[in-house]
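J.: this one's sequence-less:
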Ligand SMILES: *Cc1c(COP(=O)(O)O)cnc(C)c1O
């Protein structure tokens, strides 16, 4: 029954691995959700908005004004970007922003350039739009792209280039030079740049997060997407946003009003307040995640994995071959039973034969968990060496 263009997307790996984790009582480092809730003030604001605040009815289609203003203020504060709140569209998470943008800008015959491996919703949303996906590989150990391969992916039909930095699943953070090259090619081929910046506050070791829209001349062809889920540890809230030039945001708004129209009325003003939290909050996110990254990375190394450096996001990618596991997919399915830890194979974030092959031995672990949970996971994986 399922329409042909959606047949490659019938199940997501997260559902399967999470089910396995529950069945075996494994520590789930597969799907990237934190095991603690976000800032107390955010939670209290949302509760108040529901019980006493009278914020439970339809919000305005583009999102509540407080949140659109807060997004604009946040972009000014962190990146010195001038954003008009009228050009901010609130969405049901970054996921709906991505879908709305692609459905609003792309159709049959158009091409979308993105990087492989990629966040799983990209391929599905591109397929829904009817456009064709062209991917540029990010290869271990540093997961940088080859400039020639990037250029070769662009054609006169390229409508959108979809960039995610800090990058899930690899933990790479695109440099100003890399982003400049992407921007130059987008300009040369007259494509729109869509940036997924949901990990914007999770770049480590002083690595700067550079929004594409801050590069000279790029704001006029860039749609910038982010969300509250990762920054404020509320992945279940699905409050996201996109901003950019009015005609591009307008295309996304037109689609979005027939997807969800709107949602999260009591959550939106709470997120607006959270975006204005002081520097101590944002610094704390980085300090905490840096410690967790090191805890898990060191532990995985001690357990025998090859561990790639994570510069951003809350994921670390490993190569399981030194342990005797050549296939990350196979390992991810066996890991819960072997040692009571769940992770996801990186190959599921790829779809070209070369991409799947390049990612075959790699497994991704999430470190957005309490320190004691990470310590326990590392202990459990200690005996893995003898089990290949
Ligand atoms: C988690 C994630 C999203 C989804 O964000 P939501 O706000 O939960 O929809 C989008 N892109 C990437 C790269 C992610 O990791």
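T.: Okay, I see it. All values derive from a computational prediction rather than experimental measurement.
J.: Compute the first-to-last residue distance for stretch 186-196.
T.: Using CA to CA, to the nearest Å, the span of stretch 186-196 from its first residue to its last is 16 Å.
J.: Residue 225 should be in a helix, yeah?
T.: No. Residue 225 is assigned strand when assessed by DSSP: H, G, I helix; E, B strand; the rest coil, not a helix.
J.: Contact partners for it?
T.: In this structure, residue 225 makes contact with 94, 97-98, 101, 194-198, 240-242, judged by CB atoms under 8 Å, 6 or more residues apart in numbering. C-beta: built from backbone N, CA, C; applies to glycine.
J.: what does residue 270 give?
T.: 42-43, 45-46, 49.
J.: Residue 234 too?
T.: Residue 234 sits in contact with 37-38, 42, 228, 267, where contact means CB under 8 Å, 6+ apart.
J.: Now do the same for residue 388: its pLDDT.
T.: Note on residue 388: pLDDT of 69.
J.: Not counting its neighbours along the chain, what's nearest the residue of the chain found nearest the ligand?
T.: Using CB to the nearest ligand atom, residue 93 is the residue of the chain that sits closest to the ligand, at 2.5 Å. The shortest distance from residue 93 to any residue other than its chain neighbours is 3.7 Å, reached at residue 238 (CB to CB, 6 or more residues apart in numbering).
J.: residues contacting the residue of the chain closest to the ligand?
T.: Contacts of residue 93 by CB under 8 Å, 6+ apart are 227, 229, 237-240.
J.: Over to residue 221?
T.: Here residue 221 is in contact with 186-187, 191-193, 245, 248 (CB under 8 Å, 6+ apart).
J.: Could you identify which of these has the most neighbours?
T.: The residue in the contacts of residue 221 with the most neighbours, by other CB atoms under 10 Å, is residue 193 (25 neighbours).
J.: Distance of that one relative to residue 137?
T.: Distance of residue 193 to residue 137, computed by CB to CB, to the nearest Å: 19 Å.
J.: swap in residue 40?
T.: 43 Å.
J.: Among the contacts of residue 225, which ones are in helices?
T.: Among these, the subset assigned to helices under DSSP state H consists of 94, 97-98, 101.
J.: who in the stretch 51-200 of the chain is up against the ligand?
T.: 93-95, 119, 164, 168, 196, 198 (CB under 6 Å from any ligand atom).
J.: Counting neighbours, which of the residues you listed comes out on top?
T.: Top of those by neighbour count (other CB under 10 Å): residue 196, with 30 neighbours.
J.: Next up, the contacts around that one.
T.: Neighbours of residue 196 in contact, by CB under 8 Å, 6+ apart: 94, 98, 119, 162-164, 225-226.
J.: hang on, the earlier thing: near the ligand, which of the contacts of residue 93 show up?
T.: Okay, of those touching the ligand (CB under 6 Å from any ligand atom), that's 227, 229, 238, 240.
J.: Filter those residues down to the ones in strands?
T.: Counting by DSSP state E, these place 227, 240 in strands.
J.: what about burial for the ones next to the ligand among the contacts of residue 93, which qualify?
T.: 227, 229, 238, 240 (16 or more other CB atoms under 10 Å).
J.: Assess the claim that the first one and residue 241 are in contact.
T.: Going back to what we said before, that points to residue 227. Yes. Residue 227 is within contact range of residue 241, at 7.1 Å (criterion: CB atoms under 8 Å).
J.: Need the residues touching each of these two.
T.: Joint contacts of residue 227 and residue 241 (CB under 8 Å, 6+ apart) are residue 97.
J.: OK, contacts around residue 50?
T.: Contact partners of residue 50, counting by CB under 8 Å, 6+ apart, are 56, 266.
J.: Can you pick out the most distant pair from the contacts of residue 196?
T.: The distance between the two most remote of the contacts of residue 196 (CB to CB) is 14.3 Å, for 162 and 226.
J.: How far away from the center of its chain is stretch 355-363?
T.: Stretch 355-363 has its C-alpha centroid displaced from the chain centroid by 19 Å (CA atoms, centre = their mean, to the nearest Å).
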